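Student: structural data only, the sequence is not supplied:
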């Protein structure tokens, strides 16, 4: 409320709105955060501040995803990635970050073929070359590729967290796994992820334990197939 009387173009007011929006979103209140971030986005568009537009678009996309409006979020993620490629280049770290978010959205909506193509043809080669195989973004992209590989194409909606969490107790009724070479490739990716995360993050890190759970799950499906 301290900043409500300031001009709309006031930088302090805009910064305070960003802080408020982020606090609401991180507090699992995306319905309250969304109009705040939309207002910040509108302001940045009037200023034509490309870098801040990227940030504002990402925040709006995250809010939409948190509200279950994944198709709308995907539209923004595509826009962010396209803009970043055009302005920063395909090998820039922020471009790879935006591509990581895009592939997560594609997997969530069951667009596995598109996710695999983007990961295999563009994102992973660039991440390995410019960031290295042990970088957090490269490891995240590998995980996204494995999720796309284990999942059969054609599904309309998908939540990868349903089956890649450690000690997953049960398979949902509409669960549909790929088989054969794709599942074997996913196993190899998760095995590599476990080894890298143990070395880079340590054996007790949550990311390492998550990768161990993913590997265990895929191996269990291979054994039962």
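Tutor: Arrived safely. The structure displayed is predicted, hence computed values, not measured ones. Residues are numbered from 1 along each chain as shown.
Student: what helices or strands is the helix or strand where residue 147 lies leaning on?
Tutor: Counting by DSSP states H and E, the element that carries residue 147 is helix 136-150. The elements that helix 136-150 packs onto, with contact taken as 3 or more CB pairs under 8 Å, 6 or more residues apart in numbering; DSSP states H and E, are helix 93-108, helix 112-118, helix 124-130, helix 181-200, helix 206-224. Yep, even glycine has a C-beta here, placed from its N, CA and C like the rest.
Student: deepest of these, which one?
Tutor: Sort those by mean neighbour count, taking mean count of other CB atoms under 10 Å, and helix 93-108 sits at the top with a mean of 23.
Student: now do it: distance to the chain's middle.
Tutor: In this view, helix 93-108 has its centroid 5 Å away from the chain centroid, taken as CA atoms, centre = their mean, to the nearest Å.
Student: likewise for stretch 28-42?
Tutor: Here stretch 28-42 is found 19 Å from its chain centre; the criterion is CA atoms, centre = their mean.
Student: hmm, who's touching it?
Tutor: Under the contact criterion CB atoms under 8 Å, 6 or more residues apart in numbering, stretch 28-42 has outside partners 14, 17-18, 20-22, 24-25, 53, 56-57, 59-60, 62-64, 66-67.
Student: who's in contact with the nearest residue to residue 142 once chain neighbours are set aside?
Tutor: What sits nearest to residue 142 in space, not counting adjacent residues and going by CB to CB, 6 or more residues apart in numbering, is residue 189, at 5.3 Å. When contacts are counted by CB under 8 Å, 6+ apart, residue 189 touches 142-143, 145-146, 149.
Student: of the residues you listed, which is the most crowded?
Tutor: residue 146 (28 neighbours; other CB atoms under 10 Å).
Student: thought residue 126 was touching residue 91?
Tutor: Yes. With contact defined as CB atoms under 8 Å, residue 126 reaches residue 91; the gap is 4.8 Å.
Student: what residue ranges in the protein score low on pLDDT?
Tutor: For the chain, the stretches with pLDDT under 70 are 1-13, 152-180, 225.
Student: please report how far residue 184 lies from residue 103.
Tutor: Plainly put, residue 184 is 21 Å away from residue 103 if you go by CB to CB, to the nearest Å.
Student: before we move on, back to that, how far away is the residue nearest to residue 142 from residue 146?
Tutor: When residue 189 is compared with residue 146 (using CB to CB), they lie 4 Å apart.
Student: cool, residue 107 as well?
Tutor: On the measure of CB to CB, residue 107 and residue 146 end up 10 Å apart.
Student: just residue 44 next, same as before
Tutor: In terms of CB to CB, residue 44 sits 35 Å off from residue 146.
Student: please apply the same query to residue 50.
Tutor: On the measure of CB to CB, residue 50 and residue 146 end up 33 Å apart.
Student: neighbours of residue 64, how many?
Tutor: So residue 64, with other CB under 10 Å, has 23 neighbours.
Student: find the nearest non-adjacent residue to the most centrally placed residue in the chain, please.
Tutor: Nearest to the geometric centre of the chain sits residue 101, at 3.1 Å (CA atoms, centre = their mean). Nearest residue to residue 101, sequence neighbours excluded (CB to CB, 6+ apart): residue 77, at 5.5 Å.
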